[in-house]
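Asks: Sequence and predicted structure are below.
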Amino acid sequence: MNFKTFILIGGVGITLHGCTSFNALSSDDSAKNYASAQEMIVQKNINQSNGHAKEYVYSWGAKQNDKEPQSLYPRKYLNNYCSAKQGKFTLLYKSSMTLVKDASDKKRLSASGNVKQGIGAYKCVQNNGQSWIASIEPVAERKLNDGRDTRVVSLQTRLMSADEAKKFYKNIRVTTNVADKKNSSNDQGNKKALNKSVPQQEAEAKKETELKKETKPAAELPEKQPLKVVESPQQQQVKFYVAARRDLNSGKNQVAACNNAQRAYNYGKLQGTEGTRVYTESGMLVARCLTSVPSYSNRFSNSKAQARRVLQNLAVNYNHSGAKNMLRQMK
C-alpha cells in the first residue's frame with residue numbers, strides 16, 4: 001500500500017465517521033412515543049441538559065458546504081413531532097434575534113439562510129384539537145477552532161403560551177401590520193388614479209394647486225406613541241418561577257404550576273443578582289413535579305430519571321444542598 005492510498009483510505013474513514021455521528025443526531029426516532037412536545041425537547045436534548053441554549057453548526061465552511069446544517073434540527077424535530085400527531089406546523093412569528101446581544105453576531109446570523117429558516121415561533125395544531133407554540137431563538141454565534149471555518153449558533157428552544165409569544169414577538173407583528181396597511185392604501189390609491197380619465201385628472205390637479213395657494217397647511221401635532229413594555233428574559237423567568245412556587249405550595253393548578261416551573265428552568269442561568277437562585281430553585285420545583293405530582297409526571301415515560309438529571313446538574317454545578325438531599329432520598 002503506497003502513501004497516497006493510505007491517505008485516501010484515512011480520509012474516507014474520517015468522512016464516514018463524521019457522517020455517522022451526524023446522522024445519529026439528525027435521525028427521527030419514533031416521534032409518536034413522546035407524550036408532549038416538552039418531553040420531546042428534553043429527550044432529544046434540543047437544549048443543553050441544564051436548559052441553556054445549545055450550539056448547532058450553521059456553516060461547515062467553504063470546503064464542506066454540501067453538508068446539511070445542524071441549525072435546522074430544532075425546527076425539524078418539532079415539525080416531525082407535530083406531523084406524528086397529525087398536526088399542522090406553521091410559522092407564527094418571525095424572529096428579530098432580540099436575544100443576540102453582540103451586533104457582529106447578529107449581522108452574521110442575519111445573513112445566513114441556514115439560521116433564518118429555522119428560527120422564530122412555530123405553532124402546531126394537532127388533530128385532536130390541542131395546540132402548542134414553540135420558540136426557537138438564537139443567542140450567540142462563534143467560529144470553532146477546527147481549522148475548517150466551521151461556525152455554530154447557540155439556539156434556545158422553549159414552549160410558549162399564546163400570550164407569551166404575542167408579547168415576545170409583539171414589535172415584529174405590529175411592524176408587519178402597519179406596513180401591510182400602507183401598501184394596501186397605496187395600491188387602492190393607484191387603482192383609483194388609473195380608473196380616472198385624463199381630463200378628470202387634469203381638473204383635479206388644477207383644483208389642488210388653487211387650494212394650496214389659498215390655504216397654508218396646518219402644522220401637524222406629533223402623534224403620541226403608546227408606551228411599549230417588553231419584559232426581559234430575567235423578568236419572565238422570575239414571573240414563571242413565582243407562579244409555579246405559589247400554585248405548587250397551595251396545591252392548586254398543579255399541571256400549570258409544573259409547566260411554569262419547566263419554563264423558568266428552561267431559561268437557564270441568566271445574568272443578574274437573582275439569576276442563579278431563580279434558576280436553581282426552578283430546577284428544584286421541576287424535580288418535585290417529576291417525582292411528586294402524578295398528573296404531571298405520568299406524562300413522561302421516565303420521569304424519575306429526568307428528575308435525577310436535573311438534581312445532579314444542581315448538585316454538581318451549583319453545590320445545591322437541597323438537590324443533594326433529594327438525590328440521597330431517591331436512592
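Replies: Perfect, I can see it now.

Asks: All the helices of the stretch 101-250 of the chain, residue numbers only.
Replies: Counting by DSSP state H, counting those that start in this stretch, the stretch 101-250 of the chain has helices at residues 103-110, 113-116, 162-168, 170-195, 198-214, 233-250.

Asks: In terms of mean pLDDT, which of those helices ranks lowest?
Replies: Lowest mean pLDDT within these: helix 170-195, at a mean of 51.

Asks: ok, and the closest non-adjacent residue to Val278?
Replies: Excluding the flanking residues, the one nearest Val278 by CB to CB, 6 or more residues apart in numbering is Tyr241, at 5.1 Å. To be clear about C-beta, it is placed using only N, CA and C from the backbone, and glycine gets the same treatment.

Asks: part of a helix, is Ala264?
Replies: Yes. Checked against DSSP: H, G, I helix; E, B strand; the rest coil, Ala264 lies within a helix.

Asks: so it makes contact with Tyr241?
Replies: Yes. Assessed by CB atoms under 8 Å, Ala264 is found in contact with Tyr241 at 4.1 Å.

Asks: out of those two, which sits in the more crowded spot?
Replies: Between Ala264 and Tyr241, Ala264 has the larger neighbour count (other CB atoms under 10 Å), namely 27 against 23.

Asks: Return the residues in contact with that one.
Replies: Gln237, Val238, Phe240, Tyr241, Ala244, Val278, Tyr279, Ser282, Leu285 (CB atoms under 8 Å, 6 or more residues apart in numbering).

Asks: 10 Å instead, please
Replies: Residues in contact with Ala264, defined by CB atoms under 10 Å, 6 or more residues apart in numbering, are 51, 236-245, 278-279, 281-283, 285-286.

Asks: PyMOL command to pick out the buried ones of these?
Replies: Selection of the buried residues among the contacts of Ala264 in PyMOL, burial being defined by 16 or more other CB atoms under 10 Å:
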select buried, resi 51+236+237+238+240+241+243+244+245+278+279+281+282+283+285+286
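
Asks: rewinding a little: please verify my assumption that the residue nearest to Val278 contacts Leu270.
Replies: No. Counting by CB atoms under 10 Å, Tyr241 sits too far from Leu270 to count as a contact (11.3 Å).

Asks: what is in contact with those two at once?
Replies: By CB under 10 Å, 6+ apart, the residues touching both Tyr241 and Leu270 are Val278, Tyr279.

Asks: Centre-most residue in the protein?
Replies: Nearest to the mean C-alpha position of the chain, by CA atoms, centre = their mean, lies Ile136 at 1.8 Å.
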